[in-house]
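In: just need the structure, nothing else, for what follows:
(4 chains)
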Number of protein chains: 2
Amino acid sequence: MALDSPAKAPNSRRTILDAAAACFARQGFAQTSIDDIARAIGATKGKIYHHFRSKGELLSAVRKSSILLTSAQVEPVFLANQAPRARFHSMAMAHVRAMIEQLPYHRVVIENLRKGDIGPSTPHERALMQEIRTLQRGYEDLFRTVITQGMQNGAFHSQPVSVALHSVLMLLNAPVFWYHPRQGETAADRVAIARQIADMALAALTPRAEPKDPLP
Amino acid sequence: MALDSPAKAPNSRRTILDAAAACFARQGFAQTSIDDIARAIGATKGKIYHHFRSKGELLSAVRKSSILLTSAQVEPVFLANQAPRARFHSMAMAHVRAMIEQLPYHRVVIENLRKGDIGPSTPHERALMQEIRTLQRGYEDLFRTVITQGMQNGAFHSQPVSVALHSVLMLLNAPVFWYHPRQGETAADRVAIARQIADMALAALTPRAEPKDPLP
DNA sequence: CTAAAGCATACTACCAAGTATGTTTTAAGG
DNA sequence: CCTTAAAACATACTTGGTAGTATGCTTTAG
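Out: The predicted structure follows:
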């Protein structure tokens, strides 16, 4: 019996995770009881505690899924051989599209960003959180790399990287706070939103020509 | 005995609010007990429940304070008669400076943005939340106004206002997630950070000249 | 056929919000 | 000053909700 191997994992885990993400996203983590999640999938606590050791581990699993989902969308774009501006723009679009397409997962993560730094947890959970932090760092480094290269390149405005990185990432994450699918919204609409935000993010990094207010 | 008048209010309320904001910001709202807050000011539950009816009202009070504090910094700048770009930039700087100067208050608000939309609450609390939403709307409208004018003016890139507004506001709010005062940090350092972020926000709204990646 | 995985049910333990009530301090008036 | 009532707080208690557990039943796989 492998402890960690998700080898033969049926989709029970995934079903639970989806429900958990949905509940956490709708009511918040603390306001969601395990029974809520169980009821959402027509089951009971037993099923959930059979697959996850604790509520915290459930949250950790959602967080990990979120990062993996986003990485799966963005990393291929990152690996394509493009110049900094084009590369950043396509990465940004992929990121935003991921945000709005799996909204529950990502909303949970953003709203519980600082939950990883504190709180008691079993040694087993500490390890999980460490792994998540590593994944998170790795993902951020994709953008950090592109931004740094762009600055050296002259493609981006030269400025403190850390502040720029965090600011731009938050800009790309912003949809989790306000986005909600409109009536009769098409995939093209979502792409348009993603493009607008990606454009703004790119502009935020662009060297400025010191434009002035138009004279009256 | 006036029910709502903060007329003769000593600084007991403010003391409690400061402690609550600090605790909520450090441990999160749900992870903070009333006793935690009481202990932080060397008192007991009794004192807190004498000034606030419930934990939720405490959170609401923090939220309200946050908005009022920010407004107090930004509104004067808004009222000064400047062209859109200059006006937006000074508003943005004031906003960011408020974020990092009263970090606990604003962090609490951002991390509990969606708590206002849900949750049970007494009729009295519903009213309070309604008032807060009104204040929030009013504050956002300051930026909405400037952005809209700038777009008509040609000072800003023309694009859907709502998305642009939310995106830029989140960019300005971002410091609450990552900022923490560094060793020997001066006021000038904080201004520099605020300027960098304000510059990025302004750039995000600026009309683009379709810059290309520099050729290798 | 049997053992383990998968899940349901019933129960326990505990924490923290809220309350009831008692005690001290303040402020005003005689 | 002394009285007294209200405000300002402390202490002790009640209670609901929920995480986690113990246990038993059912399905699947070998």
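In: A:Glu215 sits in which helix or strand?
Out: Residue A:215: Leu, not Glu. Here A:Leu215 sits in a region with no helix or strand, counting by DSSP states H and E.
In: for it, give its distance to B:Asp199.
Out: Distance, A:Leu215 to B:Asp199, using Cβ to Cβ, to the nearest Å: 22 Å. C-beta here means a position set from N, CA and C on the backbone, and glycine is covered the same way.
In: the more surrounded of those two?
Out: Neighbour tally, A:Leu215 and B:Asp199, criterion other Cβ atoms under 10 Å in any protein chain shown: the higher count belongs to B:Asp199, 17 against 5.
In: so the more buried one sits against A:Glu210, correct?
Out: No. Using Cβ atoms under 8 Å, B:Asp199 is not in contact with A:Glu210; the gap is 10.7 Å.
In: now A:Asp213, nearest residue through space, not along the chain?
Out: Excluding the flanking residues, the one nearest A:Asp213 by Cβ to Cβ, 6 or more residues apart in numbering or on different chains is B:Ala83, at 3.5 Å.
In: same question for A:Asp35.
Out: What sits nearest to A:Asp35 in space, not counting adjacent residues and going by Cβ to Cβ, 6+ apart, is A:Lys45, at 6.2 Å.
In: count of residues packed around that neighbour?
Out: Neighbourhood size, A:Lys45 [other Cβ under 10 Å]: 13.
In: phi, psi for it please.
Out: phi -50, psi -40 (degrees, to the nearest 10).
In: report the contact partners of it.
Out: Going by Cβ atoms under 8 Å, 6 or more residues apart in numbering or on different chains, A:Lys45 touches A:34-35, A:38.
In: show the buried residues in the residues you listed.
Out: With burial judged by 16 or more other Cβ atoms under 10 Å in any protein chain shown, the buried subset of those is A:34, A:38.
In: which one among the contacts of A:Lys45 gets closest to DNA strand C?
Out: Nearest to DNA strand C out of these is A:Ala38 (Cβ to the nearest atom of the strand; 6.6 Å).
In: helices or strands up against the helix or strand harbouring the closest one?
Out: Here A:Ala38 sits within helix A:34-40, counting by DSSP H and E. Using 3 or more Cβ pairs under 8 Å, 6 or more residues apart in numbering or on different chains; DSSP states H and E, the elements in contact with helix A:34-40 are helix A:12-27, helix A:45-51.
In: before we move on, the earlier item: from A:Arg14, how far off is the residue nearest to A:Asp35?
Out: Note on A:Lys45: its distance to A:Arg14, by Cβ to Cβ, is 19 Å.
In: same check on A:Lys55?
Out: For A:Lys55, the distance to A:Arg14 equals 18 Å [Cβ to Cβ].
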